[in-house]
Every structure is written in structure tokens, then in C-alpha cells.
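# Using only what follows, build the 3D model:
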Amino acid sequence: MTEEVRVSMEILDSSVKVQILKNLGCYCILITDGNGIVTYFDQDYFYSVWGLKENDLLGKSAYMLDEKQVIKPVLAIRVMETKASVTEISTIKGNYDVVGEAFPIFDEEGNICEVISYM
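The predicted structure is shown next:
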């Protein structure tokens, strides 16, 4: 994803961000707030791969996903730790390696207010 698209994402609401990502061919979309709390996830994808439903993830911590090794590593956590975009190979369900990317959205004070992750 280009830097121009990332900058534009800062001003859009979550539903528009998700539609843009899907149109770009992204899947396994996960959005957290600046504290790592899941505010959006691709329900169809997470259910079909892991059997996870809305009440399993929405409002839960990204750290929980990491602890349960649903996705290893959880890229949102890496972004919160480094305050920078990351692209890494993630392992899903313990046996599938995929390239994932995540990037932060900052507020006016320079704090991370949202992290967008996808594969």
C-alpha cells in the first residue's frame, strides 16, 4: 500500500477503510484502537479460518490473540511497540505462513489512535 493511501486512511471512518482494503485485495483485516482493543475484524474470514465470532474478538485485546496463538505474531502489537509500519510473515493456525502488513494511525498529539492490519 502506498504512503498516499495510508495518509488518506487517517481521515476516513472504519467502514470506508475496510472497503478500500477489500478493494485492494486485502483480507484478514483487523483494526484495533491505540490500546490494542479490537474495534473491527473481518468476521467472515476469522470465522472461516478460526471459527471466531464477533463476541470472541470485538472489544478484546490483540494481546489475547497473541497469547492464544491465533496469529503469530499479531502485527498490531508490533506496531504499538515500534510506532511504525511493519511487514512480516505471520503464521496462522500454526501451519500457514502469510505475509501481513500493519500500520499506525496517529492522532494530533502523535499518539497511536488506531492500528490497521491485513494480509
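# isn't there a strand covering residue 26?
No - counting by DSSP: H, G, I helix; E, B strand; the rest coil, one finds residue 26 to be coil, located in no strand.
# Run through the residues that contact the residue nearest to it when sequence neighbours are not counted.
Once flanking residues are discounted, residue 26 sits nearest to residue 118: 3.9 Å by C-beta to C-beta, 6 or more residues apart in numbering. C-beta coordinates here come from the backbone N, C-alpha and C atoms, glycine included. Residue 118 is in contact with 21, 26-30, 100-102, counting by C-beta atoms under 8 Å, 6 or more residues apart in numbering.
# how about 7 Å then?
21, 26-29, 100-101 (C-beta atoms under 7 Å, 6 or more residues apart in numbering).
# How about residue 57?
Neighbour list for residue 57: 38, 41, 46 [criterion: C-beta under 7 Å, 6+ apart].
# Please convert those residues to CSV, extending it with neighbour count, distance to residue 114 and secondary structure.
Listed next are the contacts of residue 57 as CSV, based on neighbours: other C-beta atoms under 10 Å; distance: C-beta to C-beta, whole Å; DSSP: H, G, I helix; E, B strand; the rest coil:
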residue, neighbour count, distance to residue 114, secondary structure
38, 21, 11, strand
41, 23, 13, strand
46, 22, 18, helix
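# and of the residues you listed, the nearest to residue 108?
Nearest to residue 108 among the contacts of residue 57: residue 38, at 23.7 Å, using C-beta to C-beta.
# is it true that that closest one touches residue 60?
Yes - judged on C-beta atoms under 7 Å, residue 38 makes contact with residue 60 at a distance of 5.5 Å.
# What's the separation between residue 21 and residue 28?
10 Å (C-beta to C-beta, to the nearest Å).
# Buried residues of the lengthiest strand in the chain, list them for me.
Secondary structure of the chain per DSSP state E: the longest strand is strand 96-106. Across strand 96-106, burial judged by 16 or more other C-beta atoms under 10 Å covers 100-105.
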